[in-house]
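*Asks:* Need coordinates for the following:
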Amino acid sequence: MQYGHGGDIYSYAERFGGQEVLDFSSNINPRGIPESVRQAMREAVDQCEHYPDPFCRGLTAGLVGKYNLSQDMIFCANGAAEIFFRLVNVLQPKRALLTAPTFSEYAVALEQQGCAIRYHELHPEENFAVTARFLDELHDIDICFLCSPNNPTGRTILPERMQQIVQICQENGIWLVVDECFADFLVKEQEHTLLPALQSNDRLIVVRAFTKMYAVPGVRLGWCASANRELIDRLYDAGQPWGVSVVAQACGQAALKLDGFAEETAREIARLRQALACGLRSCGFTVFDGEANYLLFYTEVHDLRERLLPRGVMIRDCSNYKGLSSGYFRAAVRKKEENDRFIREIREVLGHGESDYGAGNSVKRGKERAGSCAVPYF
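*Replies:* The predicted structure follows:
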């Protein structure tokens, strides 16, 4: 059995023992779990002698207040991934459209139901953008999955293009599932989210999660919204009734009460992302401009991940993404001191060394490769 995602610290521990690891393979908020969320989960342990609310009423009420939705539009689940599988199980699509590259679990869920998948390839020379050509693909399908910001590219879809996609899908009876699990890392989130478009488009489903922004991947908490009330009812009926634990529900309710946390994080991530991109470019890598809390980059050093592992640094090898090849990697945006160490470790495994970066012509070449970088990374 193979695990095809980032964040696998368990395999790392099995291979390298108790060595501490700096995990750039998992796209989690470097600020960590907010203290109020941590405290709410501690207090929820006392309620674990009871079954969780199968309808997540407290959590749903919080989502209603924050996103101006109605309660019967919302379904909460054990992570966003569970929602993708439940959706496919309920809708039973025969023909699907996906981009390549994108999050792999859409395809896994579809293939388990025997659904035929057509891929629309995104191109590195276009910075993996979803261009107008994608509109021509929206035919002879039952369902389309899109991710914005996309994983692993970090690219959003232009709002005007996304509106065209929504309209075409609505007019042609195509289910459109939009994964917005990284949308709260966008500085201009309100320009991109499709939550306001739900009321007038009952073929649209927006999926979100608490995992990334609130640094709780071990809790497993996601949710989706749709104006199609029948679909929401069927999602509840499609699996066991206690899909969201007491602790997870408490986590979500506490997170929704935080004022300004996501907005502050988005601004800080944007600054750190720019600096990290400069550092990666200074190493001679091709960095693709993204808008989320991670960066996709390419290097001719195809074994970069294996070289970094013994040094206690994990990155995501993206060669198993459809549409990408060996040499593509994804790195999370972490704290400045962690990003600094990451770049130093890369330079050392490449034989550059930190001192080389600061001397003579190597600095000049680093600046040239950095493109829009105004100053060297260090």
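*Asks:* got a list of what Glu272 touches?
*Replies:* Small correction: residue 272 is Leu, not Glu. Leu272 sits next to 30, 333-336, 339 when contact means C-beta atoms under 8 Å, 6 or more residues apart in numbering. For every residue, glycine as well, the C-beta is placed using N, CA and C.
*Asks:* Pull out the buried members of those residues.
*Replies:* 30, 333-334, 339 (16 or more other C-beta atoms under 10 Å).
*Asks:* Look up the closest residue to Val349, ignoring the ones flanking it.
*Replies:* Distances taken as C-beta to C-beta, 6 or more residues apart in numbering put Arg307 closest to Val349, at 4.3 Å, once the chain neighbours are dropped.
*Asks:* I misspoke; the intended subject was Thr102.
*Replies:* Closest to Thr102 by C-beta to C-beta, 6+ apart is Cys147, at 5.2 Å.
*Asks:* beta partners of that neighbour?
*Replies:* When assigned by DSSP bridges, Cys147 has beta-bridge partners Asp179.
*Asks:* wait, is Lys66 part of a strand?
*Replies:* No: counting by DSSP: H, G, I helix; E, B strand; the rest coil, Lys66 is not part of a strand but helix.
*Asks:* Number of residues surrounding it?
*Replies:* Lys66: 12 surrounding residues under other C-beta atoms under 10 Å.
*Asks:* Quick one: low-confidence residue ranges for the stretch 251-378 of the chain.
*Replies:* 353-378 (pLDDT under 70).
*Asks:* Tell me where it has strands.
*Replies:* Secondary structure of the stretch 251-378 of the chain, counting by DSSP state E, counting those that start in this stretch: strands at 286-288, 294-298, 313-314, 316-317, 328-332.
*Asks:* Residues contacting the fourth one, please?
*Replies:* Looking back up the chat, that one is strand 316-317. By C-beta under 8 Å, 6+ apart, strand 316-317 touches 6, 24-25, 152, 305, 328-331.
*Asks:* Repeat that for stretch 104-113.
*Replies:* 4-5, 81, 84-85, 87-89, 92-93, 96, 98, 117, 143, 145, 177, 179, 320-322.
*Asks:* Okay, and which of the residues you listed map to strands?
*Replies:* 96, 98, 117, 143, 145, 177, 179 (DSSP state E).
*Asks:* Find me the pLDDT at the nearest residue to the third one once chain neighbours are set aside, would you?
*Replies:* Closest residue to Ile117 in three dimensions, ignoring its sequence neighbours and counting by C-beta to C-beta, 6+ apart: Ala96, at 5.0 Å. Ala96 is assigned 99 on the pLDDT scale.
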